[in-house]
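# Could you look at this predicted model? Sequence included:
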Amino acid sequence: MLELDQLVRDFGGFRAVNGCSFSVAEGSITGLIGPNGAGKTTLFNLIAGALRPTSGHIRFFGEDVTGLSSDALFHKGLVRTFQIPHEFHRLTALENLMMVPPKQPGENLFSNWLSWGKVRNSEAGVERKAYETLEFLDLTHVAHERAGNLSGGQKKLLELGRTMMTDARLVLLDEPAAGVNRTLLRKLEAKIKILNKERGYTFILIEHDMEMIEKLCTPVVCMAEGKVLIEGDFQSVRSDPRVLEAYLGETVEPA
Ligand SMILES: Nc1ncnc2c1ncn2[C@@H]1O[C@H](COP(=O)(O)OP(=O)(O)OP(=O)(O)O)[C@@H](O)[C@H]1O
């Protein structure tokens, strides 16, 4: 589904991503781990079109999408969520979801005039879908609450919900566990699993919470110093001495 081919990204004289290559299979949940500063978020920004690579290529379903804008990628089904959820604080949870679908007929004043019936039907459809999404996430009790008043975990669920309002194929989740309490975390994991198994979403997940990585992710890709250090199942990656060395910054003898 996604192929990264020798991606490089420089910031001035500093190379944050240094020849990164790996592939993501459709239907997988790939975990992206690595110590602080390994280049994970920069790589996400390259994949999602927020940054242009200095060199290298990105292919999505075989098409070279290197350098496409995040908007263009969004329309192709590649969606990213953020470490800090980007909800509209003053809008309700329901309205936040209704904001998402691109190219609603209601967006355009001229088409409003020409086909107001179509606009009304489309908006009703969007509202229904938004309610269904809130039901799926067990958030109906906060449907009319301002998003700014939701808890950190509820905001993460809402962010996931925004991906469900699109025709997402590949979702990039940036530290979904950060700042989420244990109970909501289990719920978030369960929802990600259902979206993967039943709705066919493919995920790449940056996470420092190894419990979440272990539960959800195969394969796991470990980055260090802008490169892929090792890729494999959770157990083999976790027990690899190079991974321990990267995290601890010192050589550890294999067990
Ligand atoms: N806009 C920028 N300008 C200059 N340097 C940057 C910029 N963005 C990232 N970097 C540097 O690139 C390196 C990789 O950062 P990045 O945020 O991608 O790491 P990360 O693996 O996501 O880390 P963390 O796990 O701490 O979030 C870091 O040394 C960072 O300081």
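Looks like it came in fine.

# which bits of the stretch 1-150 of the chain sit near the ligand?
11, 14, 16, 34, 36-42 (Cβ under 6 Å from any ligand atom). Backbone N, C-alpha and C define where each C-beta goes, glycine included.

# Farthest-apart pair in the residues you listed, please.
11 and 34 (17.5 Å; Cβ to Cβ).

# Neighbour count for these two, which is higher?
Taking other Cβ atoms under 10 Å, residue 11 and residue 34 do not tie; residue 34 has more neighbours (23 against 11).

# from memory residue 159 sits against residue 81, does it?
Yes: between residue 159 and residue 81 there is a contact at 4.6 Å, judged by Cβ atoms under 8 Å.

# Find the helix or strand that the residue nearest the centre of the chain is a member of.
The chain has residue 172 as the residue nearest its centroid, 2.1 Å off, counting by Cα atoms, centre = their mean. Per DSSP states H and E: residue 172 is located in strand 170-174.

# Same question for residue 161.
helix 152-164.

# now do residue 191
According to DSSP H and E, residue 191 maps onto helix 182-197.

# I'd like the average pLDDT over that helix.
pLDDT averaged over helix 182-197 equals 90, rounded to a whole number.

# What helices and strands are in contact with that helix?
helix 152-164, strand 202-206, helix 210-216 (3 or more Cβ pairs under 8 Å, 6 or more residues apart in numbering; DSSP states H and E).

# Report the angle between it and strand 170-174.
In terms of direction (axes from the mean of the first three to the mean of the last three Cα atoms, to 10 degrees), helix 182-197 departs from strand 170-174 by 160 degrees.

# The chain should start at 837 in everything you say after this.
Yep, numbering from 837; the last one is helix 1018-1033 now.
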